[in-house]
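>>> Show me the folded form of this:
(2 chains)
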Amino acid sequence: MSATSAATRTELPAAREGKPFKRRIGLGTWLLPAYVTIAFVFLLIPIVYTFIFSFNDSLKSNIVWRGFTFDNWLGICNQVEVCIAFGNSLLVGGTATLIATTLGTMIAIALVRYRFRFRSGISLLLFLPMATPEVVLAAGLAAEFLTAGVQKGLITIILAHTMFCLSFVVVTVKARVTTLDPALEEAGRDLYGSPTQVFWRVTFPLLLPGIVAAAMLSFALSFDDFIITYFNAGIVQTFPTYVYISAARGIPAQANVIASAVFIFAIAIVLIAQITNASRRKRLGLN
Amino acid sequence: MAAASGFAESGADLDLVGIQKRFPGFTAIEHLDLTIPAGSFFALLGPSGCGKTTTLRLVAGLEDPTTGQVLIGGKDVTKLRPFERPVNTVFQSYALFPHMTVLENVAFGLRRRKIADPIDKAHEALRLVELDHLATRKPQQLSGGQQQRVALARALVNRPALLLLDEPLGALDLKLRRQMQIELKSIQESVGLTFLHVTHDQEEAMTMADTVAVMNKGRIEQMGAPEVLYELPRTAFVANFLGQSNLFTGPVAGTTADAISVDVAGVKVVVPKSRAARHTGTVTIGVRPEKLALHTEKPATDASTNALGPGRVIDVSFTGVSTQYLVDIPGVGNVTVFTQNMGFGPTAHEGAEVWVSWHVEHGFGLEDDPDAEPRFSPDADTQMLAVQTKNELQSELEAEEA
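Predicted structure coming up:
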């Protein structure tokens, strides 16, 4: 008798509370996915549009859909200017990344490991290019190059890009150096490693993830940059400035091809990194 | 690389001559002269900030002395850089290279010196610490104790003339620490190298080392075999840092051929001359708590026994093996007594009236001048120092974050 009454008592409130509980779940089940879908559609539509129109059998302008073709993908350099601009972007991005990453890594190590005069001042100055509005920086640099009598061109673009990439490299690598236990380098020295050996066999491998991240960030920033490039390029065109200029008279479909290819390439890198990471973790876990 | 070529045949002497080390703002080592004979297990014991780790780093070459010389096997290495010295260190944090396997970690030193068969020798070293089966793992996949043994193997495989151990057992739990202490000791005996072990754990220093040097405020207070240091401490710091002591201060009231008697709150306490550093004036004498006997009635005294009392038991703590009593004796102060639990339970209760007594030959006289400022507060035991260090580290970390 007491058992049955207990059973009904526990059932009752459950039944009563069931309805509002269910409705709350109902709201959550459709609202969150809907929100996510809208957000992704909003983000992806321009990319999808760019991608689809890279297959457009276009004439001079690439605005109206005129039929599907692989011609743009197979003949990127049929539109020579696109190809040259893209080549310039790769050259500028690669060179600026190389210089900024090398210098930035050295600066980051020095800032963390050594105490010297103006150390905090230098730290602060390195933040300036990040904090200054880009257009001010661009105009300032342009004026500077003019005053110094430097011919604008690839060199000035590389110099400008190296400058703003440097700040990002220092910040990224510095975070990594700070977490590096100085005892590891001491252990290297203690175990008969000369300073050079300790750097290449202990310090560098341990900093490498930070350095790679910094290099990728630099390249992305440089490849993407428009304002600073536009002010300091002279007659040289990089991919972003080319797209901007040709927008007035119609962007060729080859530009869509390059943009899509860059996007796919970036996604591929991320995927490969994720997969290797996951498999490595799995391997370590299984051991 | 001359000094570091090849394996050391055996341990080497270490001589520190007139070492002083100043950092901006403070002096880590005031003046240090130290000789550690080849093949010995030497412990440098002291509270944090006493200069013991700095001493170790000076020997390793990770710091340069302000003045003085470091000699290893009679050869001056003061100007040599760390990788040129026949010395290896087991770091407090182990400092294993996280991007290398255990095997690569151990082979690192051998490869740098281009010694033949580094892999075979690394395996051999790992077998010595019973970790060869984990050779392909990364350090972060090992437990603390295993990492510690890898760090040991990585240093030992190089057969350094001198092995430096910087509180290597600090991060381990008590049981593992005991086990590692025994292992370390047996490895030292089997390979015959000179070990210099830095620690703030007095028990660790006493169980492992042949010779212990107690360091305080950049100086060595006392040095000797663990038993000698414990039974005959020469300063109040040593008497309290190495175990506990009951210390009494009073003027010397009488002298016989082989003993002095000290007036402690009106009672004559006798200490053998051979066990007292000073024989005149005001002196501090002491006795270890476990040497004291507790009486519930006034004990019959003779020439070979000292007695103090009556006093009141103000605290009793039962620890199983022994019972610790805190007795307040008027005019003398608090006296700690450890008694073995030969029977069942405590023999005296809180508030009971008791006397304490001890054999004359168990007392000791310190060389400290009781009137001078104490160099270190006597209640600074290791536990308190550990808490203090932890707090210091924490505030340092917080300051860094801010």
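
>>> B:Asp369 sits in which helix or strand?
Taking DSSP states H and E as the definition, one finds B:Asp369 inside no helix or strand.

>>> no no, B:His31
With DSSP H and E as the criterion, the answer for B:His31 is strand B:26-36.

>>> Give the other helices and strands that that strand contacts.
strand B:14-23, helix B:52-60, strand B:219-224 (3 or more C-beta pairs under 8 Å, 6 or more residues apart in numbering or on different chains; DSSP states H and E). To be clear about C-beta, it is placed using only N, CA and C from the backbone, and glycine gets the same treatment.

>>> So which of those is nearest chain A?
helix B:52-60 (5.9 Å; C-beta to the nearest C-beta).

>>> which residues sit against that closest one?
The contact list for helix B:52-60 (C-beta atoms under 8 Å, 6 or more residues apart in numbering or on different chains) reads A:186, A:190, B:14, B:16, B:19, B:21, B:28-29, B:32, B:34, B:44-46, B:63-65, B:70, B:72, B:82, B:85, B:87, B:89, B:92, B:162, B:164, B:166-167, B:196, B:198-200, B:215.

>>> Can you pull the residues of the stretch 51-200 of chain A lying near chain B?
Contact residues, the stretch 51-200 of chain A versus chain B (C-beta under 8 Å from any C-beta of the partner chain): A:181, A:183-184, A:186-194, A:197.

>>> Just the buried residues of the residues you listed.
A:183-184, A:186-193, A:197 (16 or more other C-beta atoms under 10 Å in any protein chain shown).

>>> which residue ranges form the helices in the stretch 101-250 of chain A?
Ranges of helices within the stretch 101-250 of chain A are A:119-131, A:134-148, A:154-179, A:182-190, A:195-198, A:204-224, A:227-232, A:239-246, based on DSSP state H, counting those that start in this stretch.

>>> what's the first one in contact with?
Meaning helix A:119-131. Residues outside helix A:119-131 that contact it (C-beta under 8 Å, 6+ apart): A:107, A:111, A:137, A:163-164, A:166-168, A:170-171.

>>> Repeat the analysis, applying 7 Å as the threshold.
Applying C-beta atoms under 7 Å, 6 or more residues apart in numbering or on different chains, the contact partners of helix A:119-131 are A:111, A:137, A:163-164, A:167, A:170.

>>> cool, the second one as well?
Under the criterion C-beta under 7 Å, 6+ apart, residues A:129, A:152, A:156, A:160, A:227-228, A:231-232 lie in contact with helix A:134-148.

>>> Now it: average pLDDT?
For helix A:134-148, the mean per-residue pLDDT is 93.

>>> Name the residues of it that are buried.
Buried-residue list, helix A:134-148, by 16+ other C-beta under 10 Å: A:137-138, A:141-142, A:145.

>>> Now list the buried members of the contacts of helix B:52-60.
Taking 16+ other C-beta under 10 Å as the criterion, what is buried in these is A:186, A:190, B:14, B:16, B:19, B:21, B:28-29, B:32, B:34, B:44-46, B:63, B:65, B:70, B:72, B:82, B:85, B:87, B:89, B:92, B:162, B:164, B:166-167, B:196, B:198-200, B:215.

>>> Could you report the neighbour count for residue 250?
Defaulting to chain A. By the criterion of other C-beta atoms under 10 Å in any protein chain shown, A:Gly250 has 13 neighbours.

>>> Actually, chain B is the one I wanted.
Neighbours around B:Gly250, by other C-beta under 10 Å: 20.

>>> my guess is it contacts B:Val264, does it?
Yes: with contacts counted by C-beta atoms under 7 Å, B:Gly250 reaches B:Val264, the gap being 4.6 Å.

>>> Show me which residues of chain B sit near chain A.
With the criterion set to C-beta under 7 Å from any C-beta of the partner chain, chain B comes near chain A through B:4, B:60, B:62, B:82-83, B:88-89, B:91, B:93, B:95, B:97, B:99, B:108-109, B:112-113, B:137, B:141.

>>> Show me what the residue nearest to the spatial centre of chain B bridges to in the sheet.
The structure's chain B has its C-alpha centroid closest to B:Leu45; by C-alpha atoms, centre = their mean the separation is 2.9 Å. For B:Leu45, the beta-bridge partners are B:Thr199, B:Val214 (DSSP bridges).

>>> So which residues make contact with stretch A:172-184?
For stretch A:172-184, contacts defined as C-beta under 7 Å, 6+ apart pick out A:104-105, A:108-109, A:111-112, A:202, A:206-207, A:209-211, A:213-214, A:217, B:91, B:93, B:95, B:97.

>>> pLDDT on it, on average?
The model assigns stretch A:172-184 a mean pLDDT of 93.

>>> before we move on, what about stretch B:262-272?
Throughout stretch B:262-272, pLDDT has a mean value of 90.

>>> How about it, which residues are buried there?
Using 16+ other C-beta under 10 Å as the test for burial, stretch B:262-272 gives B:262, B:264, B:267, B:269-272.
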